[in-house]
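> here is a sequence together with a model predicted from it:
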Amino acid sequence: MIENALTLRKVNVKTKITVKTIVAVSLVILAIAFPQLIHLVAGASGGMTLLPMYLPVMLSGALLGTWWGLGVGIASPVFSYLITSAFGSPMPMLSRLPFMIVELAVFAVITGLFSNRIAKNKWLAIPAILLAEVGGRLTFLAMAGIFESVSSLSFIMVLNQILSGWIGLVLWLVVAPVILIIVSTLINKEKSNEQN
């Protein structure tokens, strides 16, 4: 979506990269800070229920496209782990980190595949987020099953985590499309103003 807006303004490649970098870094920072805030307000179980890192990552794919979103999806849990480890309380836990990297990457890639389509039809934000949530969670579950013999996460444990996170999934299924619809509307409004 942002690529479409920048192309519409006929900005050069350097400006596009600068804008996308600023948005990507902002979303990574949000993906690190938002879970901390949720944990302060709702406790450790708040993170498992509300899944706060998912929102910025899903938005990154839709806003920035597949590759930039993938970068945000990978960077968010890695930097969160590194920063929080320095303070003695790593989030996510090291045992969950590889799973979370892959799960968030799937979220970002799926919403990224919809990025140009959402720019043209804002209502596609709803199936984009829904498919990302289903795809990401199924990937997490599949990975738990595949690596159960070498991981501290069992298939049943992950299934229980997925079931306990349904509130967050429903919340982001509402919030993320609303944000994307608003951004798409603003971009398209600007586009029509420039054409007039």
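Here it is on my side, so go on. Just so it is clear, the model here is predicted, and its values are computed rather than measured.

> so how far is residue 144 from the residue nearest the centre of the chain?
Nearest residue to the geometric centre of the chain (C-alpha atoms, centre = their mean): residue 57, 1.5 Å. Taking C-beta to C-beta, to the nearest Å as the measure, residue 57 falls 19 Å from residue 144. To be clear about C-beta, it is placed using only N, CA and C from the backbone, and glycine gets the same treatment.

> can I get the helix or strand hosting residue 79 as CSV, trimmed to CA atoms?
Assigned by DSSP states H and E, residue 79 belongs to helix 66-86. C-alpha atoms of helix 66-86 as CSV (Å, rounded to 0.1, in the frame of the first residue of the first chain):
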residue,chain,number,x,y,z
THR,A,66,5.9,-9.1,1.3
TRP,A,67,9.7,-8.6,1.6
TRP,A,68,9.6,-5.6,3.9
GLY,A,69,6.9,-7.3,6.0
LEU,A,70,9.0,-10.4,6.1
GLY,A,71,11.9,-8.4,7.5
VAL,A,72,9.7,-6.9,10.2
GLY,A,73,8.2,-10.3,11.0
ILE,A,74,11.7,-11.8,11.5
ALA,A,75,13.3,-8.7,13.2
SER,A,76,10.5,-8.1,15.7
PRO,A,77,10.9,-11.3,17.9
VAL,A,78,14.7,-11.3,17.4
PHE,A,79,15.2,-7.8,18.7
SER,A,80,12.5,-8.3,21.3
TYR,A,81,14.5,-11.3,22.6
LEU,A,82,17.8,-9.5,22.5
ILE,A,83,16.6,-6.3,24.2
THR,A,84,14.5,-8.1,26.9
SER,A,85,17.3,-10.6,27.6
ALA,A,86,19.6,-7.7,28.5
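
> can you list contacts of that helix?
20, 24, 27-28, 31-32, 35-36, 53, 56-57, 60-64, 90-92, 94, 97, 100-101, 104-109, 111-113, 115 (C-beta atoms under 8 Å, 6 or more residues apart in numbering).

> could I get the pLDDT score of the residue nearest to the centre of the chain?
Looking at residue 57, its pLDDT stands at 97.

> mind listing what it touches?
Here residue 57 is in contact with 27, 31, 69, 72-73, 76, 104, 107-108 (criterion: C-beta under 8 Å, 6+ apart).

> before we move on, the earlier item: out of the contacts of helix 66-86, which end up buried?
When these are checked for burial by 16 or more other C-beta atoms under 10 Å, the buried set is 20, 24, 27-28, 31-32, 35-36, 53, 56-57, 60-64, 90-92, 97, 100-101, 104-109, 111-113, 115.

> where does the chain have low pLDDT?
For the chain, residues meeting the criterion pLDDT under 70 lie at 190-196.

> which helices and strands does the helix or strand encompassing residue 167 pack with?
For residue 167, the element it lies in under DSSP H and E is helix 166-195. Under the contact criterion of 3 or more C-beta pairs under 8 Å, 6 or more residues apart in numbering; DSSP states H and E, helix 166-195 touches helix 2-8, helix 44-50, helix 54-64, helix 115-120, helix 125-146.

> next, the buried residues of that helix.
So for helix 166-195, counting by 16+ other C-beta under 10 Å, buried means 168-169, 171-172, 176-177, 179-181, 183-184, 187-188.

> lovely, talk soon.
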